[in-house]
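Enquirer: dropping the sequence and predicted coords here.
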Amino acid sequence: MKVAFIGLGNMGGGMAANLVKAGHEVRASDLSPEALDRAKDNGCAVFGTVQEAVADAEAVVSMLPNGAIVDAVYGADVIGHAPQGALFLDCSTIDVDTARKVTKAAESADYEMVDAPVSGGIAAANGGTLTFMVGGTDNAFARAEPILAAMGKAVIHAGASGAGQAAKICNNMLLGASMIATCETFKLAEKLGLDLQTFYDISSKASGQNWSMTSYCPVPGVGPQSPADNGYQGGFAAALMLKDLKLAMEAAASVDAIVPMGEKAASLYEAFARDGSGGMDFSGIIKTL
Ligand code: NAD
């Protein structure tokens, strides 16, 4: 299939390479010449503009930084420029309202579109093991699934348009709050004189068990290998966690949801990023506690 790919950065670069490996003819577009060079090395055809890349595409995949860019790129260069009937898949993490707005504009011009944000970082993008949470009609999902399956290990239909983004930010709000709770708990355990490995052995089999503890432990040398064992480098940047928490706070405000733990997590990650640690893995917030 001819697939246009817009935004071949940290995540999109590996995702586009996996579409090539799956036999798709990938037509790449990015503002960055370095990203295009890498895409070319990975077997993509490269184009100077989005309009040229989508001109002959049966599907358009985007992996862009934020909602304003997604809105601008689809509005100016994709809708009306891709062939009639093309399927659009936006895999960026953006706000629910913009996802719904762009899909509506696409549908008004007789295209189908899904929002399909991902769980998993750069390693999962490169390795083709992302999890996609998909919002869209049954028909759009059925068309999107085989394309997304070439880039991931799981493709889940979350519901109607916007539901993929809603699932993504709800999941990451829980992750942000549970990571901080796990960090502060280990610091308290330490101050109370507990051996941290012993506390891990107890809590990981007791009711405090959670993913941040048993799959991504923020304490070096405890639990499975994680960014804590690598000086909090690599993994999921605190700045990206902050972006997702801000999206969650906007979404919560738009529906009058009460999210005190999410709010607290957002303010703590805001302070962490402001102090120059935005590039550190999000579990590095333990250093502030
Ligand atoms: P990135 O900044 O590395 O890549 C974005 C790419 O988009 C860049 O190459 C940039 O040049 C390109 N771009 C920007 N504006 C453009 C335009 N108008 N036209 C064409 N190209 C344009 O970002 P990333 O880390 O790859 O993240 C992309 C998305 O994935 C974000 O929405 C992010 O929240 C989400 N995400 C990232 C991770 C992660 O671990 N990095 C994990 C999950 C989700």
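Expert: Great, that's in hand. Numbers count the residues shown, from 1 in each chain.
Enquirer: got the phi and psi for the closest residue to residue 48 other than its chain neighbours?
Expert: Among residues not flanking residue 48 along the chain, residue 29 sits closest, at 7.8 Å (C-beta to C-beta, 6 or more residues apart in numbering). (Each C-beta comes from the backbone N, C-alpha and C, glycine too.) Taking degrees, to the nearest 10, you get phi -140, psi 130 for the backbone angles of residue 29.
Enquirer: kindly report the same for residue 63.
Expert: According to degrees, to the nearest 10, residue 63 has phi -140, psi 80.
Enquirer: what about it, how many neighbours?
Expert: Per other C-beta atoms under 10 Å, the neighbour tally for residue 63 reads 28.
Enquirer: how about the residues of the stretch 151-289 of the chain near the ligand?
Expert: When proximity is defined as C-beta under 6 Å from any ligand atom, the stretch 151-289 of the chain approaches the ligand at 236, 240, 243.
Enquirer: touching, the last one and residue 93? I think so.
Expert: So that's residue 243. Yes - between residue 243 and residue 93 a contact is recorded at 7.1 Å, counting by C-beta atoms under 8 Å.
Enquirer: who has more neighbours out of those two?
Expert: residue 93 (26 against 20).
Enquirer: sec struct for that one, please.
Expert: Using DSSP: H, G, I helix; E, B strand; the rest coil, the structure places residue 93 in coil.
Enquirer: flag every buried residue along stretch 228-239.
Expert: Buried residues in stretch 228-239, counted by 16 or more other C-beta atoms under 10 Å: 228, 232, 235, 236, 237, 238.
Enquirer: let me fix that, I meant to ask about stretch 241-259.
Expert: Buried positions in stretch 241-259, judged by neighbour count with 16+ other C-beta under 10 Å: 241, 242, 243, 244, 245, 247, 248, 249, 251, 252, 259.
Enquirer: what about the helices in the stretch 101-250 of the chain?
Expert: Ranges of helices in the stretch 101-250 of the chain, per DSSP state H, counting those that start in this stretch, are 122-127, 138-149, 163-191, 196-203, 211-214, 238-254.
Enquirer: tell me how far the longest one lies from the chain's centre.
Expert: Distance, stretch centre to chain centre, for helix 163-191: 16 Å (C-alpha atoms, centre = their mean, to the nearest Å).
Enquirer: heads up, I number from 163, so please use that
Expert: Shifting the count to begin at 163 puts that one at helix 325-353.
Enquirer: quick check: buried residues in it?
Expert: 325-349, 351.
Enquirer: kindly report the same for the second one.
Expert: Of the residues in helix 300-311, those scored as buried under the neighbour-count criterion (16+ other C-beta under 10 Å) are 302, 303, 305, 306, 307, 309, 310.
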